[in-house]
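Enquirer: missing the sequence, but the structure's below:
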């Protein structure tokens, strides 16, 4: 969660201006203004009328002109030529330059009548571009910049030890580090005020995005130099497309395009969302948010923003946005044009999800991208879950559902399954239950399997990445009046073993009486962390292995899973959990965005062993740098897996060597430190006795027996300890009471 | 190491002190009473009453004859330990934050607060042990005025040669013990992070400071060189050096005013043990449910006591493993 924009102080903004250098852009788009003529506009495209009709035309025109600002008859000058005819254009003076700008924005290109369309320009612009010499009459081909090699944007992958990087945002500083297992992370860069809101990696790890009031800045390369800028003022949320080709930015404030604003044009004025092309750094298209009906007023509670507003297909050829309850707009990349020129009407549409991978359905030859959506019960029509094929917009599978309260769509990462989590209410609407309807997308006819063994509501669900297993968390109804949230139960499901095709999904095990509320699968599958996050009273992380290499329960022998709890770790106040992209490490973190207690991050192995605890003041964000998908073919991967022992031998030796070196270094250092200390003490003692000699103090001057308050007779008792009990009556007084 | 809980104060502890023999423990708190305890079993020996305000500080003369206390009632009082009588009262214009006897017991320094137009001062009083101890000089024999940043704590170096003071701005000063001339000033801690405690090693050649900047520093009394730094994760109120073993004990916790807003878990109300030479944290002792305000170690190194904001004093006698613990390099050196 990012801090809201309103909480940023003025000072933050100013500091930022110094940090981020937009001067290169400014210089490129710098425009010199000539003073004084800002209030004038030139209107072209007017009908040519005789002088007698001129006043009439001006009056007619004024009606239009006054819709955007204030002007009067006297301020409109329509020249008349020698033939007593108007020239088809007019000069208009507005009261203020802002009104003139508004006129250009709103009136340009609007029709006056059937034959005439207004062409409205600022006088300044005509001066600037129309003056002789400003624009060359002859075409000159632009000079090509000489080729300069760019920094390698994926250099981090070439690390000799195959380490991973992560970004750490704490206090006002953002740093990028190498993960060094047990040893402290190695810093790559650390910059104060690197971002204003949060940082985000692009999906393949090429760029790091920082978010500022001026816009989004992308960083990359070995030293994280500036790569691209997207000047969306007051941007609050960003989203990368899956292949890093495009960036979507959102701000709650509609964009106000000002004169001289680089990159943004009047096209973007009043919009909230911009879709950018990352390579060119130019906006592709801009949109107004659907969910912000009219200007926002302070009194109304802010509606939660639907983000990502635009959802991308796996190959980023399409991007879609839903107008809730009405339609789905699908845009084609790279032109960003509406597919088929119209939105798809889907009455009542509540939500949709693209398949996260391109699916080859059984028996379907042509190219397609799939998306699933659902609509609620409307009148007597049942609720419906559908699967739509793009670009044909054909609905390839639907399923009707009854008594539906809510539906969540969960795609498996390869698009093999889509699990539709249906929350159903009973007829009386008093009790709730969840059904899972699993669409087997790749199989012929898309069969649907129903898992209805659940009596409680499912609060969380997650597919195993690249696998066929899933974990879900259910909770009963909260007992009324109880302070604590109800207990939850964690259930593990796996398909039955049945030849090549995965069989039906069966429950492996349910763990009752937990507080867990979040599921984090390893990106490579097999391991899963089930945790309790955002809770004051409970903060455990359970590390599960789905393919335990030990003995298997007899009852589970038909299932493609062998479940084993490896370890339970604790991290007080944990808010976020992040697997590294290789599935070797897990970081749990407690962010200051959520609470201010014991902020920091802990590093665990995939098996739950805690490697390091890093309490960090004002810790905000920890994110692993994603890796692009492997370039090895399936066979090559298999080969690696087969010879894993060979490879690991080499690495184990390396590790051992490194540990030896480190241990020796520590011991050496301790020896040195201890020797230094002993030497210092000895020297100090000598100096002290010298000083005592010089002052004529006895050697034991600071001993108690030589102190000023020693009793007159000093008893020399040697080393023997004599215990002496002296009882002495200090005072005795008698009081008679009453 | 089951602690002995001394529950004799009604309000938060300000300072505790063992006498040089280590058989007695004196504690002062905001509740205006000085308590004397048997350190071996935690039995209360008696109290010294007379102060009219919170008592900030206490010290025992080397042979456990006299007790000095400084209080928010702007006075320093001298007590006959044996009889419990107050033998002398010195009045100052402001509260007294720290008193300490010189190593030979002939002098007493008193640090006064900066307030109401008065600058913070360090006063040296000559102590007379004749007769019934009431015959004390009225005026301080030396007065050091802290013009820049007020002194918060002060103590005597070996032979009483220097007076070392810790300041509100995080710096440490060295004054000549006889003339009061400032010889050195070192910004030992982060600027504007007050030094809350300053305790000497048994031979008084080095001392340990505890600061709000979450660190404690071991410094040389001779030249104020910073020799070791111990980093904690919470503001520190007190730090002590253990004789016999090479450890330091740090205590602190969230500032008292912030405690109500957080859980005890968050407060970090533990005594932390660090290795004096290697600067590593080696252990923690829990128990208090408020920040630790003061720590003092038994002069023989066999026990330590801590006093907390929670109003309790906890006396811990060390067990065998404490004395046995040793780094491999230390053991090696011992063998040689």
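Expert: Perfect, I can see it now. Predicted model only: the values in this text are computed from it and were never measured.

Enquirer: give me phi/psi at residue B:311?
Expert: phi 90, psi 0 (degrees, to the nearest 10).

Enquirer: which one is it nearest to, not counting chain neighbours?
Expert: residue B:9 (5.0 Å; C-beta to C-beta, 6 or more residues apart in numbering or on different chains). C-beta coordinates here come from the backbone N, C-alpha and C atoms, glycine included.

Enquirer: residues touching the one you found, list them.
Expert: By C-beta atoms under 8 Å, 6 or more residues apart in numbering or on different chains, the residues touching residue B:9 are B:27, B:29, B:31, B:33, B:35, B:311, B:312, B:313.

Enquirer: got those residues as CSV, with neighbour count and pLDDT columns?
Expert: Converted to CSV, the contacts of residue B:9 look like this (neighbours: other C-beta atoms under 10 Å in any protein chain shown; pLDDT from 0 to 100):
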residue, neighbour count, pLDDT
B:27, 27, 95
B:29, 26, 95
B:31, 17, 91
B:33, 18, 92
B:35, 22, 94
B:311, 20, 92
B:312, 21, 93
B:313, 27, 94
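
Enquirer: and residue B:115, how many neighbours does it have?
Expert: By other C-beta atoms under 10 Å in any protein chain shown, the residues close to residue B:115 number 13.

Enquirer: That one is in contact with residue B:95, isn't it?
Expert: Yes. Taking C-beta atoms under 8 Å as the definition, residue B:115 is a contact partner of residue B:95 at 7.1 Å.

Enquirer: Residue A:190 contacts residue A:173, doesn't it?
Expert: Yes. Counting by C-beta under 8 Å, residue A:190 does reach residue A:173; the two are 6.0 Å apart.

Enquirer: Which one of those two is surrounded by more residues?
Expert: Applying other C-beta under 10 Å to residue A:190 and residue A:173 shows that residue A:173 carries more neighbours, namely 15 against 12.

Enquirer: Show me the beta-bridge partners of that one.
Expert: Beta bridges link residue A:173 to residue A:170, residue A:192, judged by DSSP bridges.

Enquirer: go on, the one 4 residues further on?
Expert: With DSSP bridges as the criterion, residue A:177 is bridged to residue A:166, residue A:187.

Enquirer: on that earlier part again, just the contacts of residue B:9 now: which is nearest chain A?
Expert: Of all those, the one with the least separation from chain A (C-beta to the nearest C-beta) is residue B:35, at 17.3 Å.

Enquirer: Doesn't the closest one belong to a strand?
Expert: Yes. Counting by DSSP: H, G, I helix; E, B strand; the rest coil, residue B:35 is part of a strand.

Enquirer: mind listing the helices in chain B by residue range?
Expert: With helices called from DSSP state H, chain B shows them at B:256-259, B:264-267, B:320-324, B:328-335.

Enquirer: just for the stretch 101-250 of chain B, where's the confidence low?
Expert: Scanning the stretch 101-250 of chain B for pLDDT under 70 picks out no residues.

Enquirer: Residue numbers of it in contact with chain A?
Expert: B:103-106, B:127, B:129, B:158-159, B:161, B:203-206, B:220, B:222, B:227, B:233 (C-beta under 8 Å from any C-beta of the partner chain).

Enquirer: and the residues you listed, which are buried?
Expert: With burial judged by 16 or more other C-beta atoms under 10 Å in any protein chain shown, the buried subset of these is B:103-106, B:127, B:129, B:158-159, B:161, B:204-206, B:220, B:222.

Enquirer: Now do residue A:474 against residue B:41, distance only.
Expert: Using C-beta to C-beta, to the nearest Å, we find residue A:474 at a distance of 57 Å from residue B:41.

Enquirer: ugh, wrong one, residue B:196
Expert: From residue B:196 to residue B:41 the distance is 30 Å (C-beta to C-beta).

Enquirer: Same question for residue A:257.
Expert: Residue A:257 is 82 Å from residue B:41, by C-beta to C-beta.

Enquirer: same check, this time on residue A:734
Expert: 31 Å.

Enquirer: who has more neighbours, those two?
Expert: residue B:41 (8 against 4).

Enquirer: How about the more buried one, nearest residue that isn't a chain neighbour?
Expert: Distances taken as C-beta to C-beta, 6+ apart put residue B:4 closest to residue B:41, at 7.0 Å, once the chain neighbours are dropped.

Enquirer: Would you agree the one you found is in contact with residue B:44?
Expert: No. Counting by C-beta under 8 Å, residue B:4 does not reach residue B:44; the two are 11.4 Å apart.

Enquirer: Tell me which of these two has more neighbours.
Expert: Between residue B:4 and residue B:44, counted using other C-beta under 10 Å, residue B:4 has the larger neighbour count: 19 against 14.

Enquirer: can you pull the contacts of that one?
Expert: Neighbouring residues of residue B:4 by C-beta under 8 Å, 6+ apart: B:41, B:42, B:314, B:315, B:316, B:317.

Enquirer: For residue A:57, state which of those is nearest.
Expert: Proximity of the contacts of residue B:4 to residue A:57 (C-beta to C-beta) peaks at residue B:314, which lies at 96.4 Å.
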